[in-house]
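>>> Here is a sequence with its predicted model. Questions after.
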Amino acid sequence: MTPVLFYLLAGILLCSAICTVTLRNIVHAALFLGLALTSVAGLFAMLEADFLFSAQLLIYVGGIAVLILFVVLLSGRREDLHARQLNEQWLGVFLVCLVSCLALWKVYAAFSHGLPGTSPPSSTTQPLGKLLLTEYLVPFELISLILLAALLGAVYFTKSEP
Amino acid sequence: MSLTLYHYLSLGAVLFFIGVFGVLTRRNILSILMSVELMFNAANLNLVAFNRYLHPGPLLGQGLVLFTIAVAAAEIVVGLALLLAIYRKRDTVYVENFNLLKG
Amino acid sequence: MKNLLLLTPELLLAVLALGLLVWDMLQKTSSARLTLWLGVAALTLTLLAIVPQLSQKLQGVGSLWVSDPLGNFFKILILLATLWTLLLSMEDRSIPGGQMGLYAATLSLAALGMMLLVSATDLLLVFLSLELVSICSFILSGFNRSDPASSEGAMKYFLIGAFSSAMTLFGISLFYGATGTTLLTAMAPTSNPLLLFSLLFMLVGFGFKVSMVPFHFWVPDAYQGAPTPITAFLSIAPKAATLGLLLRIFTILLPHTALSLTMLFQVLAIATMTVGNLSAIFQTNMKRLLAYSSIAQAGYMLIGFVTSDPLGQEGVLLYAFTYMAMNLGAFAVAMVLAHASLPAEQDPYHLRTYDGLAQRSLGLSLLLTLFLLSLAGIPPTGGFIAKFYVFGAAIRSGFYALAVAGILNSVIAAYYYLRITYRMFFVSPARETPIPVGNYLATTVAFAAALTLAIGLYPSPFVESVKLSMSYLP
């Protein structure tokens, strides 16, 4: 059962990722990005990361993908839907990516023997919360500053000029 | 065949390089941003998979993913705001049209 | 989470940056000067907070960070650079006056990120600080809303920056897989290929910030489009901070493992120097020329990474400090001339504004010559001492090809630097009007010139303090 589920999710993920980077219609590409992010959430659930599953859905799919879709719709024009979307160097880049991916697979091959997955904690929310407030307190506060800086930038760039 | 770490890692690798391909070849800035999101997600998948299979005790990998989700959100917010500012002035979102600065 | 008090300067700066924002919010009428002076006061307070940490007692290892002389050196450099950027901004017209609070706060947040970057020993903290610096830099480089070139440069910077952040994150995920933790000190003596790949991916991400070739493509456009004080800031501070981080990772902790990236750093150093210098020859815009020159200067500093011995590391520190002075001075003089040009000229930074400068203002032309000589590495300036140190370290460790490449590059660089000097002294000017110099620009130029000459003529105190700074924990 579990391998079937994995292959299903992996298939959806890879197909929607390929669609995101190759489709001409940018609205469709954005929607496929949402689908890809959802399947990543499903993979998180398979890896027994329950808090991350919900966080991914809420933030990535519900926030980031929707935001991208907003901007796509705000800044699109009709002729964009059918224009060529890949630049001239796509073949070279494709070959480089292929070679690098195969190299990385070789490095990963050391993990290809079946590892017995040890039993995970029942729920990850509380341990994660504890982690955030004890050991990783400084990064936690730093994240709030990063979000503040991003907000300032967003407000500044979208202000209408005097 | 049972699931091993290798399955998740190779999936992450393929996703990452799909993202790299998108960043380097797409003309529309929004497509480049979407490809960067794919790259971030590939790294997140790696982290959670390593945490689950190789280092299962402390939830370090998952904590890291929480932080990187927030960072990705912040970064894309700034990028989209900048893009909107440019679009309002120049009415284009294609990279090759940005040639005011040459040399 | 132990030893949080080691981070007192950073905490102080965070609170002061937020205070700047609140101040800006409560202001009814905007007073740009006052806000900038408040920013200067905030940074000065933070500098003073670092002073107690210079003594041995207040240094130590925290859970994710460390406070040691190496970090303190870079923190002082970063704060000085940010301070002078604020002073330069007081007279820059491309920054909207009503937004000074936002400007000062973003600059302070960037400085905070950089301070955390050089004292971090955990990859999570490294990644987050890098992101804070990047986001603030994107905002600052696009700050000039009225100039479309500014937004364009910021967009190019952002795209390449986001790409490299994702690369760095992938590298961090591989590091976590190889070692089970994100603490940099966990690099045990192994030659795990996963660790090697993770370091390569991370090097891509950091290399972008240091403007290593081939990750330098954002530099000319972002530098040219940004308001000039921000260009000066970007060319000094993030580069120095990332060099500090790279020192920690690749020269201090990496030798614990069985991996060696010497060949890679050699290639990168030579490529960076050469591409930077060769591209600078063809530039006609001063900001773009200084941008390519800063790429080449980063290449010289990378030579210090190849050797991995204390001499090379000290060379990097000395070069970073001298580079701060030279670049600050060069950009300040460029700003003075840009302000003096008539509004009708479309490019106030074009090289033809430097024609005949000697006849219009002898002092400015002499000072600019000093900075250009220092950038080229000609005695008796500080740049010569710094280059001497770095090349000397390379020769002493047996990397003769590297030293030869460095010297050849310095010769090429001298050509385009001195070509400006030739234009200043031997070409007649278009106009004979005198050049007004604002007070803040004048003090910045004076300070930079004094520092450059001081390092060149009396290098011993600087070399001594660099040697002292080269002790680190853990």
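Arrived safely. Residues are numbered from 1 along each chain as shown, chains lettered A, B, ... in the order given.
>>> Grab the nearest non-local neighbour of residue B:70.
Distances taken as CB to CB, 6 or more residues apart in numbering or on different chains put residue A:143 closest to residue B:70, at 5.1 Å, once the chain neighbours are dropped. For every residue, glycine as well, the C-beta is placed using N, CA and C.
>>> roughly how far apart are the one you found and residue C:21?
Distance of residue A:143 to residue C:21, computed by CB to CB, to the nearest Å: 17 Å.
>>> what residue ranges in chain B score low on pLDDT?
Scanning chain B for pLDDT under 70 picks out the ranges B:1, B:96-103.
>>> and residue 151, how many residues sit next to it?
As the question left the chain open, I've gone with chain A. Here the number of neighbours of residue A:151 (other CB atoms under 10 Å in any protein chain shown) works out to 14.
>>> my bad, chain C
Residue C:151 has 27 nearby residues by other CB under 10 Å.
>>> what sits against it?
If you count contacts by CB atoms under 8 Å, 6 or more residues apart in numbering or on different chains, residue C:151 has them with B:82, B:85-86, B:89, C:142, C:145, C:225.
>>> How about residue C:92?
By CB under 8 Å, 6+ apart, the contact list for residue C:92 reads C:227-229, C:335.
>>> Let's see which of those end up in helices.
C:228-229, C:335 (DSSP state H).
>>> Quick check: the residue of the stretch 151-300 of chain C nearest chain A.
Using CB to the nearest CB, the closest approach of the stretch 151-300 of chain C to chain A is made by residue C:193 at 4.9 Å.
>>> so how far is stretch B:35-51 from its chain's centroid?
8 Å (CA atoms, centre = their mean, to the nearest Å).
>>> does chain A sit close to that stretch?
Yes. Looking at stretch B:35-51 against chain A by CB under 8 Å from any CB of the partner chain, the contacts come from B:35, B:37-38, B:41, B:44-45, B:48-49, B:51.
>>> how many neighbours does residue 5 have?
Let's take chain A. 14.
>>> The intended chain is chain B.
21.
>>> do the same with residue A:23
Residue A:23 has 17 neighbouring residues, counting by other CB under 10 Å.
>>> same question, residue C:310
Neighbourhood size, residue C:310 [other CB under 10 Å]: 13.
>>> Next, the contact list for it, please.
Contacts for residue C:310 (CB under 8 Å, 6+ apart) come out as residue C:470.
>>> what residues does the stretch 151-300 of chain C put near chain B?
C:151-156, C:158-159, C:162-163, C:165-167, C:169-170, C:172-174, C:176-177, C:180-182, C:220-221, C:224-225, C:282-285, C:288.
>>> Okay, and which of those residues map to helices?
Among these, the ones falling in helices (DSSP H) are C:151-156, C:158-159, C:162-163, C:165-167, C:169-170, C:172-174, C:176-177, C:220-221, C:224-225, C:288.
>>> which among the residues you listed end up buried?
C:151-156, C:158-159, C:162-163, C:165-167, C:169-170, C:172-174, C:176-177, C:220-221, C:224-225, C:288 (16 or more other CB atoms under 10 Å in any protein chain shown).
>>> near chain A, which residues of the stretch 151-300 of chain C?
C:193-194, C:197.
>>> so where's chain A uncertain?
In chain A the weaker segments, taking pLDDT under 70 as the threshold, are A:1, A:80, A:83-85, A:111-121, A:162.
>>> swap the cut-off to 80 and go again
Scanning chain A for pLDDT under 80 picks out A:1-2, A:76-89, A:110-124, A:160-162.
>>> any idea which residue sits dead centre in it?
The centre of chain A sits closest to residue A:37, judged by CA atoms, centre = their mean, with a distance of 5.1 Å.
>>> What residues sit buried inside the longest helix along chain B?
Of all segments of type helix in chain B, defined using DSSP H, the longest is helix B:60-90. For helix B:60-90, a neighbour-count test (16+ other CB under 10 Å) marks B:60-87 as buried.
>>> on contacts alone, who are the packing partners of that helix?
Using 3 or more CB pairs under 8 Å, 6 or more residues apart in numbering or on different chains; DSSP states H and E as the contact test, the elements touching helix B:60-90 are helix A:50-55, helix A:66-74, helix A:125-133, helix A:137-158, helix B:29-53, helix C:123-141, helix C:148-179.
>>> and the third one, how far out from the chain's middle?
Spelled out, it's helix A:125-133. For helix A:125-133, the distance to the chain centre is 23 Å (CA atoms, centre = their mean).
>>> If you count contacts, what does the one helix or strand the residue nearest to the centre of chain A maps to end up packed against?
Assessed by DSSP states H and E, residue A:37 sits inside helix A:26-46. When contacts are defined as 3+ CB pairs under 8 Å, 6+ apart, helix A:26-46 sits against helix A:2-22, helix A:50-55, helix A:66-74, helix B:29-53.
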